[in-house]
Every structure is written in structure tokens, then in C-alpha cells.
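**Student:** kindly return the folded structure for what I paste below:
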Amino acid sequence: MLKIASELKGYEIIAMDGRLGAVSDFLFDDTTWKIRWLVDETGGWLSEDKVLIHAMAIGQADDVHQRLAVNLMTEAVRNSPAIGQDEPVSRQFESSPYGYYGWDPLWAGRCFGGGAIAAPLVAPPLSGFMMAPARPHGGGHDPHLRSCAAVTGYHVHGSDHDVGHIAGFLLDDRDWTVRYLIVDTHNWWPGDHVLLAPAAVSAIDWSGREVRVMVTRAQVQSSPPWPREVAISSEYERRLYAHYDWPGYAW
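**Tutor:** Sure, this is the predicted structure:
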């Protein structure tokens with residue numbers, strides 16, 4: 001089911017034997033559009049303010065009770081590597097939690113309540129356009145691992161004009177991928193919000209706080225409206241992909 005990342009913030013994180021804290025953020029890889037880490041705000045039960053929980057351990061969100069179950073024991077998280085308040089997450093830092101938990105850094109699905117569940121097909125980048133590599137940061141930090149909260153607010157520039165800014169992310173909690181970017185268009189068009197698939201993204205300029213997409217302003221203006229009040233149907237997704245002529249998606 002699709003979830004707005006920001007609306008999951010504050011959900012209780014429930015381990016197999018107790019409460020771990022609350023959802024603070026999600027970290028995603030902009031080359032695969034998969035969530036890599038859940039940031040757990042521990043709420044004082046640990047000496048560290050925040051720790052990382054890999055997406056392999058996360059179950060589906062419980063919206064009724066505003067909870068997110070993880071397939072871990074509290075003691076495992078208590079001894080896990082912590083994340084600094086302002087420290088960028090790097091591949092070098094990631095190696096500690098991967099090694100600690102014995103997780104596969106290249107996971108393609110999730111393990112929860114049984115065996116691994118294969119991920120559905122994620123649409124590739126538009127033909128001829130690949131994600132431009134971001135400039136490496138000092139200290140070997142991975143430029144492709146990013147925070148959903150931090151990228152919210154980035155400007156979105158289409159192939160001809162600006163089309164808005166990132167208002168959030170729709171996550172699929174079956175396999176913890178970024179399914180859609182939510183784009184707010186109100187600064188140029190009295191519409192509301194439209195959805196763009198990662199297939200539309202050609203580059204991300206981290207220093208300029210800009211996401212570049214291969215769609216025109218006219219396409220955005222005539223895009224099927226986002227039915228925020230109801231669950232997104234496969235019919236809506238087919239219409240959306242057909243409108244932008246994106247590569248097919250496995251429904």
C-alpha cells in the first residue's frame with residue numbers, strides 16, 4: 001500500500017519484544033529508489049538519539065494504531081550503531097549496521113514474517129537518460145543516499161520550465177520503494193499536487209536543491225489529478241504512465 005513518507009513520521013516502532021521509539025525519517029538511494037534505512041528516534045530509551053534500522057526488517061504500516069513493526073529484538077537495536085544528529089550517512093558508516101545485523105547491502109526485497117518477498121518491477125529511467133552522478137562529498141560520503149525529509153522542498157525543473165517543488169514521497173510499504181514523488185505546482189498553476197514516477201527523473205542537483213525531470217509543464221498541467229482522498233488504483237496508474245509515456249509498470 002502507498003504511504004506518504006511524512007505522514008509516517010511519529011509512528012511507533014514496535015520490535016518483537018517491545019517499543020523501540022518513533023519514525024523520524026527514511027533514507028533512500030536515488031539510483032534504485034529503494035528505501036535503505038528507517039531512522040528511529042529512540043525517545044530517550046537509548047543513550048543515542050537516533051539509530052538506523054534497515055528496510056529488510058520493516059513490516060507494513062499499521063495506520064489504525066500508527067505503528068510500524070520491525071522484525072528485531074530491542075536488545076539488538078540497543079547495541080546497534082547510532083547516527084549523529086548532523087552527520088551525513090555514508091557507505092562507510094553503512095558497513096557497520098550491515099555487518100552488525102548480517103543484512104545484505106544489495107537486498108531486492110524484504111524479509112519479514114517468513115521468507116524474502118521479491119520486489120515488483122520498478123520502472124527504469126527514461127530511455128536515453130540516466131541519473132547523473134552527484135559530486136562526491138568529503139570523507140567518501142555516498143552522494144546517492146538521501147533523506148526524504150531533506151529532499152522535500154527541492155525545486156522541480158521540467159524539460160522546458162519549472163513545474164513546482166517536492167512536497168513529499170509516496171512509499172510502497174510492501175517492498176519499501178519510492179513509488180512517486182509528490183510535486184506541488186501551486187506557484188505557477190492553481191492546481192494542487194501531481195505525481196511523478198522516479199522514471200521521470202533525469203538528474204538531481206544536491207547543491208542546487210533541484211530535481212530535474214523529463215516532462216513538460218504542459219504535461220504536468222494536463223496530468224491525471226492525484227486522488228489523495230482514496231487509494232491509488234491500478235487504473236489510475238495505467239492512465240498516469242500512459243499520459244507521460246513512461247515505461248510500463250507491473251501492476
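**Student:** below-threshold pLDDT in the stretch 51-200 of the chain: ranges please.
**Tutor:** Flagging of the stretch 51-200 of the chain using pLDDT under 70 yields the residue ranges 79-143.
**Student:** now do the strands in it.
**Tutor:** When assigned using DSSP state E, counting those that start in this stretch, the strands of the stretch 51-200 of the chain occupy the ranges 58-62, 67-70, 109-111, 116-118, 145-147, 155-157, 162-172, 177-184, 193-196.
**Student:** now render those strands as CSV, adding distance to R239 and mean neighbour count.
**Tutor:** C-beta here means a position set from N, CA and C on the backbone, and glycine is covered the same way. Converted to CSV, these look like this (distance: least, Cβ to Cβ, whole Å; neighbours: other Cβ atoms under 10 Å):
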stretch, distance to R239, mean neighbour count
strand 58-62, 26, 17
strand 67-70, 31, 20
strand 109-111, 28, 18
strand 116-118, 26, 12
strand 145-147, 29, 19
strand 155-157, 21, 19
strand 162-172, 16, 21
strand 177-184, 14, 22
strand 193-196, 11, 22
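**Student:** kindly reformat those as CSV containing distance to D205.
**Tutor:** Compiled in CSV, those are given as follows (distance: least, Cβ to Cβ, whole Å):
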stretch, distance to D205
strand 58-62, 30
strand 67-70, 32
strand 109-111, 31
strand 116-118, 33
strand 145-147, 12
strand 155-157, 9
strand 162-172, 13
strand 177-184, 15
strand 193-196, 16
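**Student:** what about these, which gets the closest to H243?
**Tutor:** Between H243 and these, the tightest spacing by Cβ to Cβ is seen for strand 193-196, at 10.1 Å.
**Student:** what count of nearby residues applies to A218?
**Tutor:** Applying other Cβ atoms under 10 Å, we find 12 residues neighbouring A218.
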